[in-house]
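K.L.:
Model the following, please.
(one chain, ligands or ions: 2)
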Amino acid sequence: MSSDHPETALPDPDIDPRLREALGTVQDPELQRPLLELGMVRRAVLEADGTAVVGVLLTISGCPLRGTIEGDVQEALTGVDEVQRVVVELDVMTPEQREELKERLGHTRVIPFAQPDSLTRVHAVASGKGGVGKSSVTANLAAALAARGRSVGVVDADIHGFSIPGLFGIDRGPTKVDEMILPAVVRVPEHARQDTGTPGSVKVISIGMFTDPHTPVVWRGPLLDRAIEQFLADVHFGDLDHLLLDLPPGTGDVAISVAQKLPRSRVLVVSTPQHAAAGIAERAGTLASMTEQTVAGVIENMSAMAMPDGSMLELFGAGGGSEIARSLTERMGYPVDLLGSVPLDVALREAGDSGVPLVWSKPSSPAVAALARIAARIDGPRGLAGKPLGVTPR
Ligand SMILES: Nc1ncnc2c1ncn2[C@@H]1O[C@H](COP(=O)(O)OP(=O)(O)OP(=O)(O)O)[C@@H](O)[C@H]1O
Ligand SMILES: [Mg+2]
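P.N.:
Ligands and ions are numbered 1, 2, ... in the order given. Got it, this is the predicted structure:
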């Protein structure tokens, strides 16, 4: 396309071969793809006096990361022998160029995770009642999977009670490229990365990131269903190994909406160890069987905490998780495991308040050991995410 804008049509923008390699290392911080590949470099010339002039097309005029992009280009080109000075000229894409970018990204307004060939493993984190730690578990499992080198998306499907931005310390809104919304990208801190060769990341979208929650981008109608649809179809997550959805408590409209849009999602039931199992299992099971979701397992949270004297404090009782797993196994007709028990841990709450998931900020804590084990269980071999596991009965 874009015969009107021949200067942006790849493969042939005006790029000095001496700059190409260094420039090729610069990624768009939100799209996490090289600027060159995205058609965002309009020209890059090296003048006789050693001045490199690079024209970069931003997706939108108010691009919050323009400074980052400019700095990254500066840094990359300063390393080139012939370059004495770098001048970055920023411009903004025309609507046609934005269309071309979206095309290049393969962005269409369908839900990519619902396509039969999607390799993304989708986990819907649900609970029978509120306050059991769904959001904390979602954020920390996402952080743990990313530390394993995975590319992870988190959709905060709790529209009214959103808490995911706070748990990741996200304080700015998403970038909108026409109807396409770019999620916030949170990188795994270096010290928390496992040696997998790929630095993982967590891409987050939440209603809480939109400064005005009534902005028409999300609230085109008053319906929660429409917001969920936009989160799944209009947000450009790119290739993900895992997508986690933090559902509101219970089995209301949002849970049904998610189940209908993502029938292949696997439900993770979070519960405290209290014996309220039967009802929770019944509700989760009914929803899952209505919508063809699979219940992938139970996570018990706020389980016994080791006290300084060595005794265990069972503040919220004991045994509830395995009881729910048992009831669900019966209800669903296939084995539903207790995937793990996450102990009560003051550090988990503190980390939530500080905006850095505990899995990254204090890997030595007892809660992290449990969360990391659960993450390992729901993770699969690279490239196989989303494919039915051999052990999945159904
Ligand atoms: N294992 C734990 N140890 C200590 N505190 C925890 C633990 N899990 C969660 N919390 C704390 O409990 C509170 C509720 O957790 P969280 O917000 O994650 O629950 P939720 O199920 O998402 O709640 P809601 O139903 O309101 O969405 C938070 O303050 C959180 O920090
Ligand atoms: Mg929550």
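K.L.:
In the stretch 101-250 of the chain, what residue comes closest to ligand 2?
P.N.:
Residue nearest to ligand 2 within the stretch 101-250 of the chain (CB to the ion): Ser135, separated by 3.2 Å. Heads up, the C-betas are built off the backbone N, CA and C, glycines and all.
K.L.:
That residue: what's it in contact with?
P.N.:
Contact partners of Ser135, counting by CB atoms under 8 Å, 6 or more residues apart in numbering, are Asp156, Asp158, Ser163, Ile164, Leu167, Asp246.
K.L.:
ok, the residue nearest the centre of the chain - contacts?
P.N.:
Taking CA atoms, centre = their mean, the centroid of the chain lies closest to Gly153, which sits 1.7 Å from it. By CB under 8 Å, 6+ apart, the contact list for Gly153 reads Thr120, Pro183, Val202, Lys203, Val204, Ile205, Phe237, Leu240, His242, Leu243, Leu244.
K.L.:
Give the helix, strand or coil label for it.
P.N.:
Under the three-state scheme (DSSP: H, G, I helix; E, B strand; the rest coil), Gly153 adopts strand.
K.L.:
ok, and does stretch 156-173 reach over to ligand 1?
P.N.:
Yes. Contact of stretch 156-173 with ligand 1 (CB under 6 Å from any ligand atom) involves Asp158, Gly161, Ser163.
K.L.:
Please indicate which of the residues you listed are buried?
P.N.:
Buried members of the residues of stretch 156-173 next to ligand 1, counted by 16 or more other CB atoms under 10 Å: Asp158, Ser163.
K.L.:
which among the residues of stretch 156-173 next to ligand 1 gets closest to Arg20?
P.N.:
For these, the residue nearest Arg20 by CB to CB is Ser163; the value is 44.2 Å.
K.L.:
State the pLDDT value of the residue of the stretch 101-250 of the chain closest to ligand 2.
P.N.:
With respect to pLDDT, Ser135 has a value of 97.
K.L.:
can you count the residues close to the residue in the stretch 201-350 of the chain that ligand 1 sits nearest to?
P.N.:
Closest residue of the stretch 201-350 of the chain to ligand 1, CB to the nearest ligand atom: Arg349 (3.4 Å). Arg349 has 14 neighbours, counted by other CB atoms under 10 Å.
K.L.:
That one in helix, strand or coil?
P.N.:
Quick answer, by three-state DSSP: Arg349 is helix.
K.L.:
what does Ile181 give?
P.N.:
Following three-state DSSP, the label given to Ile181 is strand.
K.L.:
Test of understanding: give the bridge partners of it.
P.N.:
Lys176, Val235 (DSSP bridges).
K.L.:
Tell me who's in contact with it.
P.N.:
So Ile181 contacts Pro174, Thr175, Ile205, Val217, Gln230, Asp234, Val235, His236 (CB under 8 Å, 6+ apart).
K.L.:
Tell me the predicted confidence for it.
P.N.:
Taking Ile181 on its own, its pLDDT is 93.
K.L.:
same question, Phe162
P.N.:
What the model reports for Phe162 is a pLDDT of 88.
K.L.:
cool, Thr59 as well?
P.N.:
Looking at Thr59, its pLDDT stands at 89.
K.L.:
Counting neighbours, what do you get for Ile111?
P.N.:
If we define neighbours as other CB under 10 Å, then Ile111 has 16 of them.
K.L.:
Same check on Ala144?
P.N.:
Using other CB under 10 Å, the number of residues around Ala144 comes to 29.
K.L.:
how close does it sit to ligand 1?
P.N.:
Look at Ala144 and ligand 1: by CB to the nearest ligand atom, to the nearest Å, they are 14 Å apart.
K.L.:
Is Thr59 in contact with Asp91, as I believe?
P.N.:
No. Thr59 lies out of contact with Asp91 (CB atoms under 8 Å); the separation is 11.1 Å.
K.L.:
With neighbour numbers in mind, choose between these two.
P.N.:
Neighbour totals were compared for Thr59 and Asp91, and Thr59 leads with 23 against 13 (other CB under 10 Å).
K.L.:
what's the lengthiest strand in the chain packed up against?
P.N.:
Counting by DSSP state E, the longest strand found in the chain is strand 294-303. For strand 294-303, the packing partners by 3 or more CB pairs under 8 Å, 6 or more residues apart in numbering; DSSP states H and E come out as helix 134-147, strand 266-271, helix 277-291, helix 320-332, strand 338-343, helix 366-378.
K.L.:
Name the residues that touch whichever helix or strand comes after it?
P.N.:
For strand 294-303, the succeeding helix or strand toward the C-terminus, using DSSP states H and E, is strand 305-306. Contacting residues not belonging to strand 305-306 are listed as Met312, Leu313, Leu315, Pro343, Leu344, Asp345, Pro366 [CB under 8 Å, 6+ apart].
K.L.:
ok, now with 6 Å
P.N.:
Residues from elsewhere that reach strand 305-306, judged by CB atoms under 6 Å, 6 or more residues apart in numbering: Leu313, Pro343, Leu344.
K.L.:
what about the helix or strand following it and ligand 1, any contact?
P.N.:
Scanning forward in sequence from strand 305-306 by DSSP H and E, the next helix or strand is strand 312-313. No. Judged by CB under 6 Å from any ligand atom, strand 312-313 makes no contact with ligand 1; its nearest approach is 11.4 Å.
K.L.:
who does strand 312-313 pair up with?
P.N.:
Strand 312-313 has the following strand partners under DSSP bridges: strand 305-306 (antiparallel).
K.L.:
Distance check, the closest residue to Val83 other than its chain neighbours against ligand 2.
P.N.:
Spatial nearest neighbour of Val83, excluding adjacent residues (CB to CB, 6 or more residues apart in numbering): Ala52 at 4.8 Å. If you measure Ala52 against ligand 2 using CB to the ion, to the nearest Å, the figure is 48 Å.
K.L.:
Tell me which other helices or strands the host helix or strand of Ala52 touches.
P.N.:
Assigned by DSSP H and E, Ala52 belongs to strand 51-58. If you count contacts as 3 or more CB pairs under 6 Å, 6 or more residues apart in numbering; DSSP states H and E, strand 51-58 packs onto strand 41-46, helix 66-78, strand 85-92.
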